[in-house]
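Chemist: Return atomic coordinates for the entry below.
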Amino acid sequence: MSQQDIEVVRRLDDPSEGKDVMPRIREAVAHFGPDPDPAVVLAWWAEDPGWRHLHADFEWDSSAVAGVGFSTVKGPREVALWWADWTEAWHSYVYRTVEYRDLGDWVLGQYDIEAQGPGEVPVEMKVFQLWKVREGKVAACRVFTSESEALEAAGLSE
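Modeler: The predicted structure is shown next:
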């Protein structure tokens, strides 16, 4: 089951791997408008090669990462509103997967990020994301700035 979960996460990530995700996010935000209808967001996700692998109740939790402007969003409407915030926060955002690891109930993804913030200020960082797969789709993501924090959150230690 865990290798299957890794493949679901990979299918979510692969279409955007090594590409600037901001043009597609800006396109989505423009399509959704200022008051996103969850049905419209879900229909858009269904047509996207990567995001079609998100569960309708997808939850994104970055409460462990200071300064990102949100802590937890859940469901298509909140995710769409969060993307709108991202268009203000990032000029560009490119991730490259370093590895996926089976942690049993979670998939751990390690990513190298190259981005440009406001004023095109360059940002390079490493993030660790815990992915939860449910019903064959990605249902949750928790973001951390260190592997040890991610492992601890998954109930494991280094």
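Chemist: Please make it C-alpha for all contacts and neighbour counts, starting now.
Modeler: Noted.
Chemist: buried set for the helix or strand containing Glu78?
Modeler: Counting by DSSP states H and E, the element that carries Glu78 is helix 75-89. Within helix 75-89, the residues that qualify as buried are 75-84, 86-87, 89, counting by 16 or more other CA atoms under 10 Å.
Chemist: Check stretch 28-35 too.
Modeler: 28-29, 32.
Chemist: now for whatever helix or strand comes next after the helix holding Glu78, which elements pack on it?
Modeler: Using DSSP H and E, the helix or strand that follows helix 75-89 in sequence is strand 92-102. With contacts taken as 3 or more CA pairs under 8 Å, 6 or more residues apart in numbering; DSSP states H and E, strand 92-102 sits against helix 2-13, strand 107-116.
Chemist: Can I get the ones you listed in TSV including mean pLDDT?
Modeler: Compiled in TSV, these are given as follows (pLDDT from 0 to 100):
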stretch	mean pLDDT
helix 2-13	95
strand 107-116	96
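Chemist: Tell me which of those is the most buried.
Modeler: Comparing the helices and strands packed on strand 92-102 by mean neighbour count (mean count of other CA atoms under 10 Å), strand 107-116 ranks first with a mean of 20.
Chemist: chain center to that one, what's the gap?
Modeler: Taking CA atoms, centre = their mean, to the nearest Å, one finds strand 107-116 lying 10 Å from the centre of the chain it belongs to.
Chemist: Equivalent analysis for stretch 97-112, please.
Modeler: 13 Å.
Chemist: Other residues contacting it?
Modeler: Applying CA atoms under 8 Å, 6 or more residues apart in numbering, the external contacts of stretch 97-112 come out as 2-3, 5-6, 9, 17, 95-96, 124-133, 150, 154.
Chemist: Just the CA trace of that stretch, in CSV.
Modeler: Output in CSV follows, covering the C-alpha atoms of stretch 97-112 (Å, rounded to 0.1, in the frame of the first residue of the first chain):
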residue,chain,number,x,y,z
THR,A,97,11.9,16.4,-5.6
VAL,A,98,15.0,15.0,-3.8
GLU,A,99,13.3,11.9,-2.6
TYR,A,100,10.1,10.2,-1.4
ARG,A,101,10.2,7.9,1.6
ASP,A,102,7.6,5.4,2.8
LEU,A,103,6.8,6.2,6.5
GLY,A,104,3.9,3.8,6.8
ASP,A,105,0.9,6.1,7.2
TRP,A,106,2.7,9.0,5.5
VAL,A,107,4.9,9.6,2.5
LEU,A,108,7.8,11.9,3.3
GLY,A,109,8.9,14.1,0.4
GLN,A,110,12.1,16.2,0.4
TYR,A,111,12.2,19.1,-2.0
ASP,A,112,14.6,21.8,-3.0
